[in-house]
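>>> sharing a model that was predicted from the sequence below.
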Amino acid sequence: MGFYLIQSKHQMTTAKNIQEQALAEIAAAADIAGLEQVRVKYLGRKDGELNRLLRSLKDMTEAERRKRGPVLQNLRAHLEQALDQRRAELATTTSDAALLKLAAPLDFQLPKIGHLHPLTETIRMINDHFLRLGYSLMEGPEIETDEFCFRRLNVPPDHPARDMHDTIYIEEPKYLLRTHTSSIEARVLEKYKPPFKVAYPGRTYRNEKASKTNHFIFHQYQGFVVLKEASLKDLFGTITGLFRKMYGPKVVIRFRNKYYPEVEPGVGPDMQCFNCAGKGCAVCKNVGWIEMGGAGIIHPNLLWMAGIDPKKWRGFAFGLGLDRWVMAKYHIQDIRTLLGGDLAYQYYQHESNL
């Protein structure tokens, strides 16, 4: 483009001089703030060098304005383009510097916003134990049928053992909330063929009055084995091993004869009260022991109903009161708090060794 001599009020300045000076200062700007100062100096509405030249056009003849006006407008566009390009360069440089700064290791810690519930922690511990022993993990529905919750577990409609379960029916007598996780055992026996070793945790429901050691919503951990050979000795070893895994080698346990319709003979594993060490307290109802579950040799009727010959196969089953195992593990004295939102359980997690 051509450049013309422009008469300003105070000095003689050429458009070419303005362009050279402005471009040099734009290139030399070290940051966005410095670049803005250059823009105001040359393109500012009030005192910008280029705007002063544009205002001087009013004192020229029509012919001069037609010649010099387009030159100054082109100069403005050229400077604005140079400003935009340099602004983009400075923005990229600033971002790169920020990234380099962030590349260094950050010295801060994120606040802890949550932790696993003791029930979840305990389930994971027991799952890991039985997986190492070669068990498969299963699950089943919480809304059950009478067939799998009772009949296939050797509890016919007129059996007095039904009174032990305080069943919560959805549609009596067919549909109900499962009263125990043994219903999963019945489903596995019906669907699969032995040999197998299966374990499974789950939530169960009974129409009971809530107290320190009982609740109408609670959890069980069930397991059973069907092999060519299985005995009470195997059952005692399995349960004793789990107690020692969870509570250490000094844990004190005992087995009592118990009645359960799905096993024969039946036993109940008890643990010396974790709260009073056997002296008697409200947690153990002053007997010094806490019942931790039920177990026994699988009743032949269960195998017959599943199409399994009890003369060829034998098995044992156990059902653990999971909430009580959690209470013993984390020194929790009231089972009802397991259904609450007590954040103090974060503390219990670090106090798990008896």
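Yep, it's here.
>>> pLDDT value on the closest residue to Lys174 other than its chain neighbours, please?
Computed as CB to CB, 6 or more residues apart in numbering, the closest residue to Lys174 that is not its neighbour in sequence is Asp146, at 5.5 Å. Where you see a C-beta, it was placed from the backbone N, CA and C, and this is true even at glycine. Per-residue pLDDT puts Asp146 at 94.
>>> what of Glu49?
80.
>>> ok, now which ones touch it?
Remark: with contacts taken as CB atoms under 8 Å, 6 or more residues apart in numbering, Glu49 is in contact with 13, 18, 22, 41-42.
>>> how far away is the residue nearest to Lys174 from Arg45?
88 Å (CB to CB, to the nearest Å).
>>> who's more crowded, the two?
The residue with more neighbours, out of Asp146 and Arg45, is Asp146; 19 against 7, by other CB atoms under 10 Å.
>>> about what we covered before: with secondary structure, distance to Lys233 and neighbour count added, can I get the contacts of Glu49 in TSV?
Below are the contacts of Glu49 laid out as TSV (DSSP: H, G, I helix; E, B strand; the rest coil; distance: CB to CB, whole Å; neighbours: other CB atoms under 10 Å):
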residue	secondary structure	distance to Lys233	neighbour count
Thr13	strand	109	17
Ile18	helix	103	21
Ala22	helix	97	23
Lys41	helix	97	15
Tyr42	helix	98	22
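>>> residue ranges in the stretch 101-250 of the chain under the pLDDT threshold?
101-114 (pLDDT under 70).
>>> all helices for it, in order.
118-132, 146-149, 182-191, 232-247 (DSSP state H, counting those that start in this stretch).
>>> related to what we said a few turns ago, contacting residues around the residue nearest to Lys174?
Per CB under 8 Å, 6+ apart, neighbours of Asp146: 157, 173-176.
>>> cool, Phe243 as well?
By CB under 8 Å, 6+ apart, the neighbours of Phe243 are 251, 253, 269, 271.
>>> ok, now Met271?
So Met271 contacts 243, 247, 251-253, 289-290, 292, 328 (CB under 8 Å, 6+ apart).
>>> try it again with 7 Å
243, 251, 253, 289-290, 292, 328 (CB atoms under 7 Å, 6 or more residues apart in numbering).
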